[in-house]
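Asker: Next come a sequence and a model predicted from it.
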Amino acid sequence: MASWDDIYCRICENILTNGRQVHNRTGVDSIKIPSAFFELNVGKEFPILTTKQLFIRQAVLEMLWIYQAQSNDVRWLQERNVHIWDLWEIDENGDWKDVNTGKVLKHFDPSYAHTIGTAYGYIVKKMGLMDRLIDSLINTPEDRRRIMSLWQDDYLDTAVLPSCVWSSEWDITDGKLNAWVHQRSCDVPLGLPFNVTQYATLLKMIAQVTDLEPGFVSYSINEPHIYVNQLDGIKEQLRRAETYEYLKDKSELELLCEERGNLLQMKNLDKNSKEYQILDSDNKIIDILLDPSTPELILNKEVTDFFDFDNSKELSDVKLVKYKHMGKIPMPIAQ
């Protein structure tokens, strides 16, 4: 199991074991802990969950929407078949509505129609954050003031959702680019897997165009939480992680299946890779485990300007290889 999966599952277990159930603005209770912190060596291992499938195209395009296109227009994403922000789109009357009840949650000037208001990409563009960051990395590598802050007080009231990942700090040490990412609130089942993969990709892209090597992403979270309607999905993911650990010893995996009343069968995918299928008493496949591998994110080496990375629907300059996952886990979203 990848190191990021291990870190992620420990955060989930901590929330389930030590978290406190609280009310929040969405109307769906969440279980939270005060904070979490972890570090990932992006230069050594690209962080993307394998205990459930993560859709890399959607994740990277959302990141490019914010930092490259510097947009708040939801239609930019929709044109690329990415619908992450549909629930927060302001309509033509300037209303942001509850998708289930139609109730107006907040009214904006109609000029903000089809956007999420003054958040994320709007702030990046308004404050010139990406241009300043890249210029500093190239021209003043010793700088200790490289902060991209999406939290701008003057623009919070006109944002549908103030930025969850609100700040990042950037450092060069021994020719390696490192980032410290700060998140004010974190939907662990849905948001965190995307956010971590996104900032790892952003780090690799910026490192490439500034002639640096990718280093660490350090990640700090205030109030990581799991919504109560996501508990079944998280428990399934933790069960998968537990089962995956038994791949280290095939006899232990066989014993686990025997204790659960399951059958285990194996087939060779190629000379270096095997697939282990776990079946229930009706011979229905309930788990598919693959020999562990380390996913790699490959960028088009010919791109030397961050703003030249392809942001079309095809995302042709980004390729994920050796990605073996255990399948999708549906998770409800709280608006």
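Answerer: Sure thing, it's come through.
Asker: Now E13, what are its backbone angles?
Answerer: For E13, the backbone dihedrals (degrees, to the nearest 10) come out as phi -60, psi -40.
Asker: Give the closest residue to it in space, chain neighbours not counted.
Answerer: Excluding the flanking residues, the one nearest E13 by C-beta to C-beta, 6 or more residues apart in numbering is L238, at 6.6 Å. Any C-beta I mention is one placed from the backbone N, CA and C, and that applies to glycine too.
Asker: Could I get the contacting residues of the one you found?
Answerer: Listed by C-beta atoms under 8 Å, 6 or more residues apart in numbering, the contact partners of L238 are C9, C12, E13.
Asker: for Y155, same thing?
Answerer: Counting by C-beta under 8 Å, 6+ apart, Y155 touches T118, A119, Y122, I123, K126.
Asker: Can I get these in a markdown table including pLDDT, secondary structure and neighbour count?
Answerer: Conversion of these to a markdown table gives the following (pLDDT from 0 to 100; DSSP: H, G, I helix; E, B strand; the rest coil; neighbours: other C-beta atoms under 10 Å):
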| residue | pLDDT | secondary structure | neighbour count |
| --- | --- | --- | --- |
| T118 | 98 | coil | 20 |
| A119 | 98 | coil | 25 |
| Y122 | 98 | helix | 23 |
| I123 | 98 | helix | 23 |
| K126 | 98 | helix | 14 |
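Asker: where are the low-confidence patches of the stretch 1-150 of the chain?
Answerer: For the stretch 1-150 of the chain, the stretches with pLDDT under 70 are 1.
Asker: What are the buried residues along stretch 78-98?
Answerer: If you call a residue buried by 16 or more other C-beta atoms under 10 Å, then stretch 78-98 has these buried ones: R80, V82, I84, W85, L87, W88, E89, I90, G94, D95, W96, K97.
Asker: residues contacting the first one?
Answerer: When contacts are counted by C-beta under 8 Å, 6+ apart, R80 touches L61, N311, S312, K313.
Asker: Look up how far I329 lies from it.
Answerer: When distances are taken as C-beta to C-beta, to the nearest Å, R80 and I329 turn out to be 24 Å apart.
Asker: ditto for the second one
Answerer: Noted for V82: a distance of 19 Å to I329, by C-beta to C-beta.
Asker: how much space between R25 and V165?
Answerer: With distances defined as C-beta to C-beta, the gap from R25 to V165 amounts to 18 Å.
Asker: Between which two of the contacts of Y155 is the distance greatest?
Answerer: Checked with C-beta to C-beta, the contacts of Y155 reach their widest spread between A119 and K126, with 10.6 Å between them.
Asker: Helix, strand or coil: sort out T50 for me.
Answerer: coil (DSSP: H, G, I helix; E, B strand; the rest coil).
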